[in-house]
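Colleague: Please work out how this folds:
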Amino acid sequence: MRKPRRLRPGSQLVVISPAWGGPSLFPRVHESGLRNLELLGFRVHEYPGTRMEADKTYQNPRLRAEEVNRAFADPDIDGIITTIGGDDSARILKYLDLELIAANHKFFMGYSDITTINSWLNQHGLVMFNGPSVMAGFSQFASFDEKYQRYLRDYLFSPQERNILPSFEEYYDGYPDWAIESNLGLLNPPRRNDGPRFLQGKGVSTGTLFGGCAEVLEMLKGTAFWPAPDFWDGKILFLETSEEKPSIDYMGFWLRNYGVMEVFQRISGLLIGRARDYSDQ
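Modeller: You can find the predicted model right below:
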């Protein structure tokens with residue numbers, strides 16, 4: 001696996017919208033995220049498609065892919081962070097220039113629908129990063145507690161290896177309505193975090209992390225962008241669910257399908273994140 005150069009204060013980032021044109025609908029949320037990236041020490045740049053109207057963004061998957069390609073090829077750009085997720089980035093995969101991207105590998109981060117891009121590039125030997133986006137994460141940076149803010153700074157800048165399961169006492173379940181101006185930069189009330197729950201297995205397992213949004217990975221099943229059977233060997237599969245909060249039944253169906261494909265016979269472990277509150281199910 002090829003790792004990109006790590007980021008440093010002063011690194012130049014480009015923010016792009018490969019999945020959904022969220023910045024055109026919630027510009028204040030987007031601009032808040034940009035300001036916080038700058039306060040963290042980054043120099044931030046945008047491409048023409050970053051704030052393109054949401055309907056035009058949807059209608060132009062090739063343009064979105066071209067901006068991903070351009071961001072990797074640009075020697076002045078140190079890293080790439082997506083503005084937000086969505087539900088349409090699967091349509092850009094066929095337009096990505098894998099040879100160009102591999103030759104110019106650099107930090108690329110997003111989550112949710114960005115799982116399609118991270119998954120496809122990871123299958124081609126590149127280390128990718130699942131983490132906050134500009135609008136969903138960095139825009140709310142000041143509302144997170146100090147412990148998480150420190151963790152995120154370390155995640156971005158520290159050259160040392162870090163524990164990916166820090167013992168946070170609380171977690172946040174989404175954001176209040178972005179259409180209400182007074183909610184800018186806020187998080188929903190925190191919930192108590194009881195720590196990881198070990199459901200089965202024993203001893204220590206090791207492997208390479210791979211995964212992302214469970215619903216988005218479902219969009220790739222049966223396509224040319226789904227991992228080959230031997231890709232799963234030794235992986236630790238991690239899954240999150242989106243704000244759509246799929247039912248436990250559907251989650252069970254999806255996991256059963258992984259079993260039918262014999263994924264569970266190949267991987268070293270399975271992690272499922274607490275992405276939404278399922279207490280009512």
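Colleague: who touches stretch 174-194?
Modeller: Stretch 174-194 is contacted from outside by 26, 28-29, 32, 136, 139-144, 168-173, 243, 274, 276-277, using CB atoms under 8 Å, 6 or more residues apart in numbering. Bear in mind the C-beta positions are built from the backbone N, C-alpha and C, glycine included.
Colleague: Stretch 133-149 now?
Modeller: Residues contacting stretch 133-149 (CB under 8 Å, 6+ apart): 15, 22-23, 26, 29-30, 32-34, 36-37, 40, 81-85, 109-112, 114, 131-132, 152, 166, 168, 170, 172, 175, 184-187.
Colleague: Which ones among those map onto helices?
Modeller: 22-23, 29-30, 32-34, 36-37, 152 (DSSP state H).
Colleague: Throw together a ChimeraX command that grabs the buried residues out of the contacts of stretch 133-149.
Modeller: A single ChimeraX command selects the buried members of the contacts of stretch 133-149 (16 or more other CB atoms under 10 Å):
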select :15,22,23,26,29,30,32,33,34,36,37,40,81,82,83,84,85,109,110,111,112,114,131,132,152,172,175,184,185,186,187
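Colleague: still on that earlier bit, so can I have a markdown table of the ones in helices among the contacts of stretch 133-149 showing pLDDT and distance to residue 261?
Modeller: Output for those, formatted as a markdown table (pLDDT from 0 to 100; distance: CB to CB, whole Å):
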| residue | pLDDT | distance to residue 261 |
| --- | --- | --- |
| 22 | 98 | 33 |
| 23 | 98 | 37 |
| 29 | 98 | 38 |
| 30 | 98 | 38 |
| 32 | 98 | 41 |
| 33 | 98 | 37 |
| 34 | 98 | 41 |
| 36 | 98 | 40 |
| 37 | 98 | 39 |
| 152 | 93 | 34 |
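Colleague: before we move on, back to that, identify those among the contacts of stretch 174-194 that sit within strands.
Modeller: Judged by DSSP state E, the subset of the contacts of stretch 174-194 located in strands is 170-172.
Colleague: need those residues in JSON lines with pLDDT, can you?
Modeller: What follows is the ones in strands among the contacts of stretch 174-194, written out as JSON lines (pLDDT from 0 to 100):
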{"residue": "170", "pLDDT": "85"}
{"residue": "171", "pLDDT": "85"}
{"residue": "172", "pLDDT": "86"}
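Colleague: for the residues you listed, which one is nearest residue 89?
Modeller: The closest of the ones in strands among the contacts of stretch 174-194 to residue 89 turns out to be residue 172 (CB to CB; 24.4 Å).
Colleague: what about the closest one, distance to residue 104?
Modeller: Distance check for residue 172 against residue 104: by CB to CB, to the nearest Å, it reads 35 Å.
Colleague: and what of residue 60?
Modeller: Distance from residue 60 to residue 104, by CB to CB: 23 Å.
Colleague: buried subset of the contacts of stretch 174-194?
Modeller: Buried members of the contacts of stretch 174-194, scored by 16+ other CB under 10 Å, are 26, 29, 32, 136, 139-141, 144, 171-172, 276.
Colleague: Take the residues you listed and write them to CSV, including distance to residue 3.
Modeller: Formatted as CSV, the buried ones among the contacts of stretch 174-194 follow (distance: CB to CB, whole Å):
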residue, distance to residue 3
26, 33
29, 31
32, 30
136, 25
139, 28
140, 28
141, 25
144, 26
171, 28
172, 29
276, 31
